[in-house]
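Trainee: Show me the folded form of this:
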Amino acid sequence: MRNNMTSVTEFLLLGFPLGPRMQVLLFGLFSLFYAFTLLGNGAILALSCLDPRLHTPMYFFLSHLATVDIAYACNTVPRMLLNLLDPALPISFGGCMTQTFLFLTFAITECLLLVMMSYDRYVAICQPLRYSAIMSWRVCITLAVTSWTLGVLLSLIHLVLLLPLPFCTSQKINHFFCEIMAVLKLACADTHINENMVLAGAVSVLVGPFSSIVVSYVCILCAILRIQSGEGQRKAFSTCSSHLCVVGLFYGTAIITYVGPSYENPKEQKKYLLLFHSLFNPMLNPLIYSLRNSEVKNSLKRVLGIGRTL
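Mentor: Have a look, this model is predicted:
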């Protein structure tokens, strides 16, 4: 059996089965989206640092979310763009494993950060008098560090299980990046443990946190409905609507991809879901927060010196 195995030093990412013209068109389009992702999330980071009015727990977590989105896109998109220009360009074994590890780290960290943000909104609306005491800077920093630490540690578990696997002579990964399930299909060994760990990890960091977010927002909705003034209700809804949109986009695509039935079938549809998850979600997040959040728009005007705040 060992004679049929080889020490793989590189992989070939198959990406999207399209003609040369379409690949060039997608290169231009995805490059534009990538630039918007960096600019949008970079603007959120800059505003959170430069405007003292945004030095609050909500925007502290939002700045971490923007950091994750930038890292998310930088991990997968540049390599995808290179492959659109040169589909025969291989990726080294070490580069592939690093990409897999970083993708999992940023995905898990974003899952947990969205939970922290929902908890922040829960405290702000359901326990406003105790908000400052509960969401102290020490607590916020602890929650953010915990999210990043768990992201790294849980991803290390998958990487430790993946590295010892022997790989067959086939080096073609049917994906646009080194996605863990696509890499596992090339292994010349039993990968049930790896696949079960991926499923267990997806359930623990997707279904569990998403359930807690749903519970938080049920409590928030009940609290909002008890507010007497219509203006107070609108203000409370506006502070939560952006977060809800981001949660829906992120968890919706991730749960369908990793927790939904029959992961292998159909392959192409779930590949495009991960494209949305990796490229479009990070681009849309700053747009959602800026378009639906008057504080962000006003902060941008103050920093740029454009007119008066709304």
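Trainee: Now do the phi/psi pair for Leu89.
Mentor: When read as degrees, to the nearest 10, the backbone of Leu89 gives phi -80, psi 120.
Trainee: oh, I was asking about Leu12
Mentor: Per-residue torsions, Leu12: phi -120, psi 120 (degrees, to the nearest 10).
Trainee: which regions of this structure lie under the pLDDT threshold?
Mentor: Scanning the chain for pLDDT under 70 picks out the ranges 1-7, 169-170, 232, 239, 260-268, 290-295, 297, 300-301, 303-310.
Trainee: hey, where'd the helices end up in it?
Mentor: Secondary structure of the chain by DSSP state H: the helices cover 20-50, 57-85, 93-126, 131-134, 137-162, 180-184, 192-202, 208-225, 230-258, 267-275, 281-291, 294-304.
Trainee: Also compute the angle for the third one relative to helix 192-202, please.
Mentor: What that stands for is helix 93-126. Computed by axes from the mean of the first three to the mean of the last three Cα atoms, to 10 degrees, the angle separating helix 93-126 from helix 192-202 equals 30 degrees.
Trainee: Please identify the buried residues of helix 93-126?
Mentor: Neighbour counts over helix 93-126 (16 or more other Cβ atoms under 10 Å) mark 93, 96-97, 99-126 as buried. For glycine as for every other residue, the C-beta is placed from the backbone atoms N, C-alpha and C.
Trainee: cool, the shortest one as well?
Mentor: Of the residues in helix 131-134, Tyr131 count as buried by neighbour count, 16+ other Cβ under 10 Å.
Trainee: that older thread, kindly reformat the helices of the chain as CSV containing distance to Leu13.
Mentor: Formatted as CSV, the helices of the chain follow (distance: least, Cβ to Cβ, whole Å):
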stretch, distance to Leu13
helix 20-50, 13
helix 57-85, 5
helix 93-126, 8
helix 131-134, 46
helix 137-162, 17
helix 180-184, 9
helix 192-202, 19
helix 208-225, 30
helix 230-258, 18
helix 267-275, 11
helix 281-291, 20
helix 294-304, 36
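Trainee: Can you tell me which of those is nearest to Cys168?
Mentor: The closest approach between Cys168 and any of the helices of the chain, judged by Cβ to Cβ, belongs to helix 180-184 at 11.8 Å.
Trainee: and that closest one, what does it pack onto?
Mentor: Helix 180-184 sits against helix 93-126, helix 137-162, helix 192-202, with contacts defined as 3 or more Cβ pairs under 8 Å, 6 or more residues apart in numbering; DSSP states H and E.
Trainee: mind checking how far it is from the chain centre?
Mentor: The chain centre lies 18 Å from the centre of helix 180-184; the measure is Cα atoms, centre = their mean, to the nearest Å.
Trainee: List the residues that contact the closest residue to Leu112 other than its chain neighbours.
Mentor: Leaving out its chain neighbours, the residue that sits closest to Leu112 by Cβ to Cβ, 6 or more residues apart in numbering is Ser147, at 3.8 Å. Contacts here follow Cβ atoms under 8 Å, 6 or more residues apart in numbering; on that basis Ser147 touches 64, 109, 112-113, 116.
Trainee: 6 Å instead, please
Mentor: Going by Cβ atoms under 6 Å, 6 or more residues apart in numbering, Ser147 touches 109, 112-113.
Trainee: Look up how far Arg302 lies from the closest residue in space to Ser299 that isn't next to it in sequence.
Mentor: Spatial nearest neighbour of Ser299, chain neighbours left out: Asp51 (4.4 Å); criterion: Cβ to Cβ, 6+ apart. In this view, Asp51 and Arg302 are 6 Å apart by Cβ to Cβ, to the nearest Å.
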